[in-house]
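# Curious how this folds, go ahead:
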Amino acid sequence: MPNKTSALLVTLMLLSGSTQANPQLTPEQQMQLAQLRQVQMMSALFDLRPSRLGFDETIIALRTAAEKHQWKLGPTLDMGAAMAQAGVKDALRMKVIPTCPADADARIARATAGKSPPLPCRITVFVDKNQKVNLIKLNTANLAKSAKGELATIMTEIAAEEESVLKGIAE
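Take a look at the predicted model:
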């Protein structure tokens, strides 16, 4: 049986037909609806998945898979350590791997006559509050659905390459 919060969120979704404030909703319900919309937007932009591996093993596996696919690969950034050094208490364990298909940006630039920005190619691996290892990256497959023509084709191909890199690592 769904909990009260889930039922409330579903009700809010059904009641809200627009982005305008709904006078039938309480301020708390309007806030929950706004939060739900933000989560929906974030899930459209980002792809969050649990890892099948431990933290260090995930980093190694991602770097190995990227090398195997001849992707551009930058140095792994330890963001958890940087946050702890900056004074963040209980900073999550987090590393960012800058990696992207070697020709992705050039292909996108050609398809858009240089009008599209380069992809923010990075995969972030982190341990959440429940001690689960996750990875998050740009949701290229979803972005490809909103693109048109050659750009959509290229973005779909890049998304397929990403899936190949993540195979066996992400759930």
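# Spit out the contact partners of the most centrally placed residue in the chain.
For the chain, residue 46 is the residue whose C-alpha lies nearest the centre (CA atoms, centre = their mean; 2.5 Å). By CB atoms under 8 Å, 6 or more residues apart in numbering, the residues touching residue 46 are 136, 137, 138, 139. Heads up, the C-betas are built off the backbone N, CA and C, glycines and all.
# can you pull out the strands in this protein?
Using DSSP state E, the strands of the chain run over residues 46-50, 72-73, 77-78, 94-100, 122-127, 133-138.
# Mark out where each domain of this structure begins and ends.
4-44, 51-166 (automatic domain parsing).
# want to throw the ones you listed into JSON lines with mean neighbour count and mean pLDDT?
Shown next, in JSON lines, are the domains of the chain (neighbours: other CB atoms under 10 Å; pLDDT from 0 to 100):
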{"stretch": "domain 4-44", "mean neighbour count": "12", "mean pLDDT": "61"}
{"stretch": "domain 51-166", "mean neighbour count": "16", "mean pLDDT": "91"}
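# before we move on, the earlier item: of the contacts of residue 46, closest to residue 75?
Of all the contacts of residue 46, residue 137 has the smallest distance to residue 75: 17.4 Å, by CB to CB.
# Give the full set of residues in contact with the closest one.
Contacts for residue 137 (CB under 8 Å, 6+ apart) come out as 46, 47, 122, 123, 124, 162.
# and the two most separated of those?
Across these, the longest distance by CB to CB is 13.7 Å; it joins 124 and 162.
# what are the ranges of the helices in this structure?
With helices called from DSSP state H, the chain shows them at 4-15, 27-45, 55-68, 79-85, 104-111, 140-146, 149-166.
# Tell me which of those helices sits nearest to residue 129.
Closest to residue 129 of these is helix 79-85 (CB to CB; 13.2 Å).
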